[in-house]
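**Student:** What shape does this take:
(chains A and B)
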Number of protein chains: 2
Amino acid sequence: MSIIVQKYGGTSVGSIDKIKAVAERIIQRKLKGDDVVVVVSAMGKTTDLLIGMAKEISPNPNKRELDMLVSTGEQVSIALLAMALHEKGYDSVSLTGFQAGIKTEGAHTKNRITDIDIKNVKKHLKEGRIVVVAGFQGINESGDITTLGRGGSDTTAVALAARLKCRCEIYTDVEGVYSVDPRLYPNAHKLNSICYEEMMEMASLGAGVMETRAVEIGCKYNVPIYVAISHGAAQGTIIKEYDDTMEGKAITGLTVSDNVLMVTVNNVENRLKNIAIIFDRLAKHNVNIDMISQTAPFEGHINVSFTASMEDEYTIADITKELKKEMPNIKVCTDSSISKISVVGIGMMKQSGVAARVFNIFADNDIEFKQVTTSEISISYTVAAKDKQKAVMAIAKELEL
Amino acid sequence: MSIIVQKYGGTSVGSIDKIKAVAERIIQRKLKGDDVVVVVSAMGKTTDLLIGMAKEISPNPNKRELDMLVSTGEQVSIALLAMALHEKGYDSVSLTGFQAGIKTEGAHTKNRITDIDIKNVKKHLKEGRIVVVAGFQGINESGDITTLGRGGSDTTAVALAARLKCRCEIYTDVEGVYSVDPRLYPNAHKLNSICYEEMMEMASLGAGVMETRAVEIGCKYNVPIYVAISHGAAQGTIIKEYDDTMEGKAITGLTVSDNVLMVTVNNVENRLKNIAIIFDRLAKHNVNIDMISQTAPFEGHINVSFTASMEDEYTIADITKELKKEMPNIKVCTDSSISKISVVGIGMMKQSGVAARVFNIFADNDIEFKQVTTSEISISYTVAAKDKQKAVMAIAKELEL
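**Tutor:** I've put the predicted structure just below:
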């Protein structure tokens, strides 16, 4: 008999009927002889509704209280799911983050799990119960209720599986991990397996199926993560350590991010200090910079471009106003009609020439790219948003994704 | 500088605007120099909505999980109220039952407070914060979230005031404690003060303004309880120890309970054992019996009547079916068109003749009463529901309530 952690997202528990269906699935698994720990998110749009109430009180609500507020969403789902399991005759117990021993640290609304005191979960499993744990939440050293930010419930599930030394199953509203988002490339194929490194890279480059941090924990503690659809029987994708049985292709997947702002600062006087000032100011305002490119100096001036998240648009506008006071000659252009296309594959470490192949695809299809960056297992290109679909189709077809 | 506990009920925090108004009231109090602890209930109909969801899953939901579910209601209100206080520039912190150290024991959905570890509340007060505590909830020895049942938030507030050795203010949707429910007797007057014993008796006999248990705690720890309307400035009622400055009338108030079922068992063979069997069976099924009256034996048979709560109607029907198997000759009649009218006053302990005065009022107004019982400070009569209004008007007028 082994332990299994299952996670069901907000859509999967979005109504009373769906909660009953999830209970039925859990029972089927229990009947196979496994001890089951279930992590659930808040029902459907609950979190948004709660945040909406907070915004009626304050445009910028106190973050400790926001955590206190939104954590009720998961508490409602765990109670209802445990009731549904009881109603079907199975002993069950729901546990909030603090009851499940999930300890966190960091800033409210984006805490990180530091440890899990697994005692209480194990006690209930030993007594034969199905344990239902609230995702997305924990408790900090001061005893305050905290939340984990985006993808928090996945993180809870994988961290619990790491502590229980077992497999983690993430049930969601898609059938698994695809080589390319099927909405962009209908011929995309579902991957049977993908290694942690590739999944992290894809997640951080825009693949929505799982958050990077949950995969990171899986990688660190070697937790096999199975991603599949919650209502249905289709085979999903397993995320695990790289091994030779995995496909030998250089490229495993392609991701697209539309949330990109490209900023170009023209006519900067060519002094090292000036470039440093620009990026220093951005860093001080917590603007995360992604790609940077810089032209060679011409007549004593240089141009520098960088990409950032659209969310920082207004912050960047404020910063450029400041900068113009110190460097009155600079000209700043921003372009939000930008998409970033990335190809990801651990095979790239062994196979060279991937960048060249993609450059050729761009050339053959008359697509102009603006910037390019590479990591060990990925290459990213920014293109005009209007060229996104064409570029995705061409690359996915050529690389047989 | 003193500490004050204020409690706001569900109607008082029923919308975002009302929460903002409550925050304003709290700040006014804080500005007077007091340290303020606020206890709040769930917003408006939240608890009913949550119970409705549970009932969709099970007609008889698991009670531990029901506590887990409904306790989210107060968690939402405390977070929103603390945010509203922050928004107005006042440092504030919300605490769930477990964070406020409220320890309980008993059956889920109707726990009792056993102790309060006041450390955390005191720490936050010392650091200058307004402390907002979730009413109605606590934590038991197993670390499960519990709720306190009817009137639970009042109980939380009075128990906190007992531990903090301070006054407790209950803000609600009525202006205070009235001698008679003004909906039944428009000339009823609001009491400036009432002693604990009278208030407990009135609460247990049907006065809705406060629950008996909260007043009991107030009495035990001598907590002055002030009951007043939450949105307005009208003077309320203080509940305190009896003293000679209180009104010297025999009768302080009149209460009415409509939730009464009268059961008459006719033709019981006159053996002591038989009466014992009947009440034994009722006790085993947790039916609370209120008034009992028994006729003298006639031809070897007796008739016995008792009143119980309407909620036990179906349980009592089941029990009488059982009893008929053992005593085939009995005839059982139930009457649910019954009201219980009680007059309450600590002055009754010194002044005699109150029962006689009320009997006369009934006689003068041609009202038949079915049963009568007395306690040290109250006398209760059951009358036909159709006579209720007439009886209330006559008694209230004669006794100048």
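
**Student:** Hmm, A:A308 is touching A:N259, no?
**Tutor:** No: counting by CB atoms under 8 Å, A:A308 stays clear of A:N259, with 9.7 Å between them. Where you see a C-beta, it was placed from the backbone N, CA and C, and this is true even at glycine.

**Student:** Domain-wise, how is chain A divided?
**Tutor:** A:3-173, A:254-398 (automatic domain parsing).

**Student:** Let me have those in TSV, adding mean neighbour count as columns.
**Tutor:** Converted to TSV, the domains of chain A look like this (neighbours: other CB atoms under 10 Å in any protein chain shown):
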stretch	mean neighbour count
domain A:3-173	21
domain A:254-398	16
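
**Student:** Including distance to chain B and mean pLDDT, could those go into JSON lines?
**Tutor:** As requested, the domains of chain A are exported to JSON lines (distance: least, CB to the nearest CB, whole Å; pLDDT from 0 to 100):
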{"stretch": "domain A:3-173", "distance to chain B": "4", "mean pLDDT": "95"}
{"stretch": "domain A:254-398", "distance to chain B": "22", "mean pLDDT": "87"}
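
**Student:** Quick one: name whatever helix or strand follows the longest strand seen in chain A.
**Tutor:** Criterion DSSP state E: the longest strand present in chain A is strand A:253-269. The helix or strand immediately downstream of strand A:253-269 is helix A:272-284, counting by DSSP states H and E.

**Student:** Show me what the next helix or strand after that following helix is packed up against.
**Tutor:** Heading C-terminal from helix A:272-284, the first helix or strand you meet, by DSSP H and E, is strand A:289-294. If you count contacts as 3 or more CB pairs under 8 Å, 6 or more residues apart in numbering or on different chains; DSSP states H and E, strand A:289-294 packs onto helix A:272-284, strand A:301-309, strand A:369-374.

**Student:** How far away from the center of its chain is the longest one?
**Tutor:** Going by CA atoms, centre = their mean, to the nearest Å, the spacing between the C-alpha centre of helix A:272-284 and its chain's C-alpha centre is 29 Å.

**Student:** In the stretch 1-150 of chain A, mark out all the helices, start to finish.
**Tutor:** A:16-31, A:46-57, A:63-87, A:119-126 (DSSP state H, counting those that start in this stretch).

**Student:** and of these, who's closest to A:E269?
**Tutor:** helix A:63-87 (40.8 Å; CB to CB).

**Student:** what angle do that closest one and helix B:46-57 make?
**Tutor:** In terms of direction (axes from the mean of the first three to the mean of the last three CA atoms, to 10 degrees), helix A:63-87 departs from helix B:46-57 by 30 degrees.

**Student:** quick one: helix A:63-87 to helix A:16-31, angle?
**Tutor:** For helix A:63-87 against helix A:16-31, the angle by the same axes, to 10 degrees is 70 degrees.

**Student:** what's the closest non-adjacent residue to the residue positioned nearest the centre of chain A?
**Tutor:** Centroid-nearest residue in chain A: A:E211, 2.2 Å away (criterion: CA atoms, centre = their mean). Closest residue to A:E211 apart from its sequence neighbours, by CB to CB, 6 or more residues apart in numbering or on different chains: A:G151 at 2.5 Å.

**Student:** could you list every residue that touches A:V36?
**Tutor:** Applying CB atoms under 8 Å, 6 or more residues apart in numbering or on different chains to A:V36 gives the contacts A:3-4, A:6, A:26, A:29-30, A:130-131.

**Student:** Turn these into a markdown table, columns for distance to A:T104.
**Tutor:** Formatted as a markdown table, those follow (distance: CB to CB, whole Å):
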| residue | distance to A:T104 |
| --- | --- |
| A:I3 | 23 |
| A:I4 | 24 |
| A:Q6 | 22 |
| A:I26 | 26 |
| A:R29 | 28 |
| A:K30 | 29 |
| A:I130 | 25 |
| A:V131 | 19 |
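
**Student:** which among these gets closest to B:M68?
**Tutor:** A:V131 (13.1 Å).

**Student:** I'd assumed A:V39 was in contact with that closest one.
**Tutor:** No: the criterion here is CB under 8 Å, and A:V131 misses it with A:V39 at 9.5 Å.

**Student:** hmm, back to that, how about the helices of the stretch 1-150 of chain A, which one is nearest B:A233?
**Tutor:** That would be helix A:46-57 among the helices of the stretch 1-150 of chain A, by CB to CB, at 24.5 Å.

**Student:** how close does the residue lying farthest from the centre of chain A sit to A:N270?
**Tutor:** Relative to the mean C-alpha coordinate of chain A, counting by CA atoms, centre = their mean, the farthest residue is A:E299 (43.8 Å). Relative to A:N270, A:E299 is positioned 9 Å away (CB to CB, to the nearest Å).

**Student:** ditto for A:M349
**Tutor:** 36 Å.
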